[in-house]
Every structure is written in structure tokens, then in C-alpha cells.
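Engineer: Test case, fold it:
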Amino acid sequence: MFIFESSYFLFIIPPLLLSLWASWRTKSAFKKYSGIRTASGMTGAQAAERLLQQAGINDVKIVQTAGVLSDHYNPVSKTLALSQAVHSSSSVAAIGVACHEAGHAIQHASGYFPLWLRSALVPTAQIGSKLGYWVMVIGLFLASSTGPSVIYIGAALFSATLLFQIVTLPVEFDASKRAKELAFQYGIVLDQERAGMARVLNAAALTYVAAAISTLMTLLYFLSRARR
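Structural biologist: I've put the predicted structure just below:
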């Protein structure tokens, strides 16, 4: 049986192209605004620290991490990790990314529910991502009497990944909104610099949208096969 029939590519290729475009746009925007220094001269680490201090947060540690665009906030260890290109840079792009991650720390401190929900979904999403897809694939090889049931089981597991990605969207959008507003409010960026910062963060947000659409289309493909 040929699993990846023509309909598979109709379901998968468009979101794949969207994901590639979103990734390219993010890297392109980051590269462009990494070459533009902010008037304040603050580094990404200093900008993040300013936002945390203004929010009354004193128990979050800011550290430098390896990798490119590997910046993240860990709510368990209360660690805000900034990549080398962000931590010590005073570019518009670096300030945008650093303030975005600080926005997650502020979400955590304020008890922002979607962030709590996303953290709670991590274990289930990891299982669904690794196991659900392959269970659905196995279901395609089984007899017509049992195959659909196996696909539905795999789809239920895989749905946890989609749920996680859907919950991630408001978390990321809100962190970016906080970053853009607070960075300007505290004098970290000027009004014209905030526009460039917004382009970087908006491009990054598209990658999360593309990921959710890709997962949804994969799920719909297997469900369509089960129905047949």
C-alpha cells in the first residue's frame, strides 16, 4: 500500500511551504534588524533585566545559552536564557527577542493562565508528538477492520500536540505585545525602533501559526484516510 498518495501532498505541501516561508521571514527580519543599533545602547540582557525589575521580579536568572535563536524562558527553574546574538547585542532585533522572553517571565509571575496551561500540556504533547504520528501510520498498514480504529487512537494522541500548539499562540502573541509596549514605555527603544522590533516579533509569531496549521493538516489527512 502506498501511504503517501497524491492527497497526502495536497494536505502537507501547502503548510510545509508556509513553514519554510515563516522561517525564512523570521531569519531575514532578525538579520536585518541585528544590524541596527538602538539609541539606548542597552544589550538584550540589560533590556530583559529592566523589564523584570519594573515588574518587581527579582528571582529570575538571566543566562547566556548556545545556539541561534535558542532564546527561551524556563518557568520551572525561573531562568531566562538568551542566545549569544541576543544576550550581549544592543541591536533592535536583540532587544525585541530579549523583551519577548522577559514577557514570558512576567506572564509567569502574574499567573497568566495560558502559560500555565501550556506548561501543563508539555508531557502529553511530547508523547503525542512522538507516538501519535507513528500509530496513525501503522493503522494504514492494518486490515480495514482494525486499521481505522488504530488511526483514531493515534489521532487522539497526536491531537495533544495540536492542542499544545493552539494554546501556545496566545502565549506567544501576548509576550510579544508586552515586549513592544514595555520596551517603549521604559525607554529601551524609540518609536521608530519599536516598528523594527515589531517586524522581528511578528515574523517569529508566524512560525507558531505555521506549525499549528501543519499539525492540523497532518491530522486531517489521517482522519480522511480512516474514514475511507
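
Engineer: rest of the way, CA atoms for contacts and neighbours
Structural biologist: OK.

Engineer: What are the buried residues along stretch 66-84?
Structural biologist: Residues 69, 71, 72, 73, 74, 75, 79, 80, 81, 82, 83, 84 are the ones in stretch 66-84 that count as buried (16 or more other Cα atoms under 10 Å).

Engineer: Tell me which other helices or strands the top helix by length along the chain touches.
Structural biologist: As assigned by DSSP state H, the longest helix anywhere in the chain is helix 147-185. Judged by 3 or more Cα pairs under 8 Å, 6 or more residues apart in numbering; DSSP states H and E, the packing partners of helix 147-185 are helix 44-54, helix 92-109, helix 113-127, helix 133-141, helix 191-227.

Engineer: quick one: whichever helix or strand comes after the first one to helix 44-54, angle?
Structural biologist: Yep, that's helix 44-54 we're talking about. Using DSSP states H and E, the helix or strand that follows helix 44-54 in sequence is strand 61-65. Here strand 61-65 runs at an angle of 160 degrees relative to helix 44-54 (axes from the mean of the first three to the mean of the last three Cα atoms, to 10 degrees).

Engineer: which residues are contacting strand 61-65?
Structural biologist: With Cα atoms under 8 Å, 6 or more residues apart in numbering as the test, strand 61-65 has contacts from 45, 49, 71, 78, 79, 80, 81, 82, 83, 84, 87.

Engineer: and if you look at stretch 112-127?
Structural biologist: Stretch 112-127 is contacted from outside by 104, 107-108, 157-158, 160-164, 167-168, 170-171, using Cα under 8 Å, 6+ apart.

Engineer: And that stretch, what's buried?
Structural biologist: In stretch 112-127, counting by 16+ other Cα under 10 Å, buried: 114, 115, 118, 119, 121, 124, 125, 126.

Engineer: Quick one: mean pLDDT for it?
Structural biologist: Average pLDDT, stretch 112-127: 94.

Engineer: just to revisit the earlier point, of the contacts of strand 61-65, closest to residue 12?
Structural biologist: Residue 12 has its nearest neighbour among the contacts of strand 61-65 in residue 71, at 28.4 Å by Cα to Cα.

Engineer: who's in contact with the closest one?
Structural biologist: By Cα under 8 Å, 6+ apart, the contact list for residue 71 reads 65, 80, 81, 82, 83, 97, 98, 101.

Engineer: circling back to that earlier point, select, from the buried residues of stretch 66-84, the two members most distant in space.
Structural biologist: Longest distance between any two of the buried residues of stretch 66-84 is 20.7 Å, between 75 and 84; criterion Cα to Cα.

Engineer: can you give me the mean pLDDT across stretch 86-100?
Structural biologist: Here the average pLDDT along stretch 86-100 is 97.

Engineer: Ok, stretch 8-19 next?
Structural biologist: On average, the pLDDT along stretch 8-19 is 86.

Engineer: Could you do stretch 170-180 as well?
Structural biologist: Stretch 170-180 comes out at a mean pLDDT of 97.

Engineer: and what of stretch 26-40?
Structural biologist: Across stretch 26-40, pLDDT averages out at 95.

Engineer: gap between the two ends of that stretch?
Structural biologist: Using Cα to Cα, to the nearest Å, one end of stretch 26-40 lies 24 Å from the other.

Engineer: Give me the contacts around that stretch.
Structural biologist: Contacts to stretch 26-40, defined as Cα under 8 Å, 6+ apart, come from residues 90-94, 187-190, 193, 196-197, 199-200, 203-204, 207.

Engineer: which of those count as buried?
Structural biologist: Buried members of the contacts of stretch 26-40, counted by 16+ other Cα under 10 Å: 90-94, 188-190, 193, 196-197, 199-200, 203-204, 207.
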